[in-house]
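*Asks:* Could you look at this predicted model? Sequence included:
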Amino acid sequence: MRSKKLSTLMIYEILQDHGAVTIEQGIPILMKYEPKPDPVELERKYWADKFRRVMRKKRDSAGIRDAFSDEHGTYHNVPTTKDRIALREINLQIDVKRDGLIKASKKIQLRQAELAGQIALQFESTAVNKE
């Protein structure tokens, strides 16, 4: 079994068994089974992440985000760009993220209702006995 797969399974097992997993629990597992990162690539990723954080903070006077990246990593200033294709790509990305967040929110709300005793759910699949 690949070490990456093993580390992922071990982390997921902790999550399943305890209902939560911390970064402090996951890092030693990853350090043991994953290849050591290249320092030059780590530095490049650090600066790329920093750049993305700067771009995500670009807001208009109402506090609404202005800068979004297309699928190629180019950031566009929505109020001034004339690139219709980029705007379509960005809008599609936002739609997909919104749909995923709505589904996650519904799952959380169901779990909250279950914990409050309002409903009973079973998230795990059950086997059907055939005779």
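*Replies:* Looks like it came in fine.

*Asks:* how does this protein divide into domains?
*Replies:* According to automatic domain parsing, the chain comprises the domains 1-36, 38-124.

*Asks:* In a markdown table: those domains, plus mean pLDDT and mean neighbour count.
*Replies:* Where C-beta positions appear, they are placed from N, C-alpha and C, glycine not excepted. What follows is the domains of the chain, written out as a markdown table (pLDDT from 0 to 100; neighbours: other CB atoms under 10 Å):
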| stretch | mean pLDDT | mean neighbour count |
| --- | --- | --- |
| domain 1-36 | 91 | 12 |
| domain 38-124 | 93 | 11 |
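
*Asks:* all strands of this structure, in order?
*Replies:* Ranges of strands within the chain are 67-69, 75-77, based on DSSP state E.

*Asks:* Could you dump these into CSV and include distance to S7?
*Replies:* Converted to CSV, these look like this (distance: least, CB to CB, whole Å):
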stretch, distance to S7
strand 67-69, 29
strand 75-77, 33
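
*Asks:* L115 is nearest to which of the ones you listed?
*Replies:* Evaluated with CB to CB, the strands of the chain place strand 67-69 nearest to L115, the distance being 36.3 Å.

*Asks:* which residues sit against the closest one?
*Replies:* 52, 55-56, 58, 75-78, 90, 93-94 (CB atoms under 8 Å, 6 or more residues apart in numbering).

*Asks:* Let's see that with 7 Å instead.
*Replies:* 55, 58, 75-78, 90 (CB atoms under 7 Å, 6 or more residues apart in numbering).

*Asks:* So what are the sheet partners of it and their directions?
*Replies:* strand 75-77 (antiparallel) (DSSP bridges).

*Asks:* Pull the residues that contact the strand it pairs with.
*Replies:* Outside strand 75-77, the residues that reach it (CB under 7 Å, 6+ apart) are 55, 66-70, 83, 86, 90.
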